[in-house]
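Visitor: Sequence and predicted structure below; questions after.
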Amino acid sequence: MAYYRPLNESLELKEYLESMYASAAQYNDPARNPVSVICGGIDRGSFGSDVLSKIYAGVVALRGNTTCKVNAPTIVSETTLGWRWQVKIIALF
């Protein structure tokens, strides 16, 4: 069972969203089509028309309507460190 913890800072949310978007784009699994799911949620704007509501709609479309929590890696490895580095580089562009 995964351990989830509440978001405490806006930076945690930013990093979570960056990771979610990058994973969706990198691994766009044809069976799930995460990019289309996220974009569809944003386009439908079920929660409102402001930017934060649209972002939330994209998250809900992909992850479901649950409380805002993240699943932080419990074991730091080269993979988790490397992934953070790659996502930060992508965010610069």
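Guide: Received, thanks. Keep in mind that what you see is a predicted model, and the values were worked out from it rather than measured.
Visitor: mind listing what's buried in the helix or strand hosting residue 17?
Guide: Assigned by DSSP states H and E, residue 17 belongs to helix 10-26. Residues of helix 10-26 classed as buried by neighbour count (16 or more other CB atoms under 10 Å): 12, 15, 16, 20, 21, 24. Bear in mind the C-beta positions are built from the backbone N, C-alpha and C, glycine included.
Visitor: Grab the two from the residues you listed that are most spread out in space.
Guide: 12 and 24 (18.6 Å; CB to CB).
Visitor: just for this structure, where's the confidence low?
Guide: 1-5, 67-93 (pLDDT under 70).
Visitor: Would you tell me what the next helix or strand after the helix holding residue 17 is?
Guide: Defined by DSSP H and E, the subsequent element after helix 10-26 is helix 34-44.
Visitor: residues making contact with that next one?
Guide: For helix 34-44, the external contacting residues (CB atoms under 8 Å, 6 or more residues apart in numbering) are 20-21, 23-25, 27-28, 54-55, 57-62.
Visitor: Output it as CSV, nothing but the C-alphas.
Guide: The C-alpha coordinates for helix 34-44 follow below in CSV (Å, rounded to 0.1, in the frame of the first residue of the first chain):
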residue,chain,number,x,y,z
PRO,A,34,-3.2,10.2,-20.6
VAL,A,35,-2.4,13.3,-22.6
SER,A,36,-5.8,13.3,-24.2
VAL,A,37,-7.5,12.5,-20.8
ILE,A,38,-5.7,15.5,-19.2
CYS,A,39,-6.4,17.9,-22.1
GLY,A,40,-10.1,16.7,-22.3
GLY,A,41,-10.5,17.5,-18.6
ILE,A,42,-9.0,20.9,-19.0
ASP,A,43,-11.1,21.6,-22.1
ARG,A,44,-14.3,20.6,-20.4
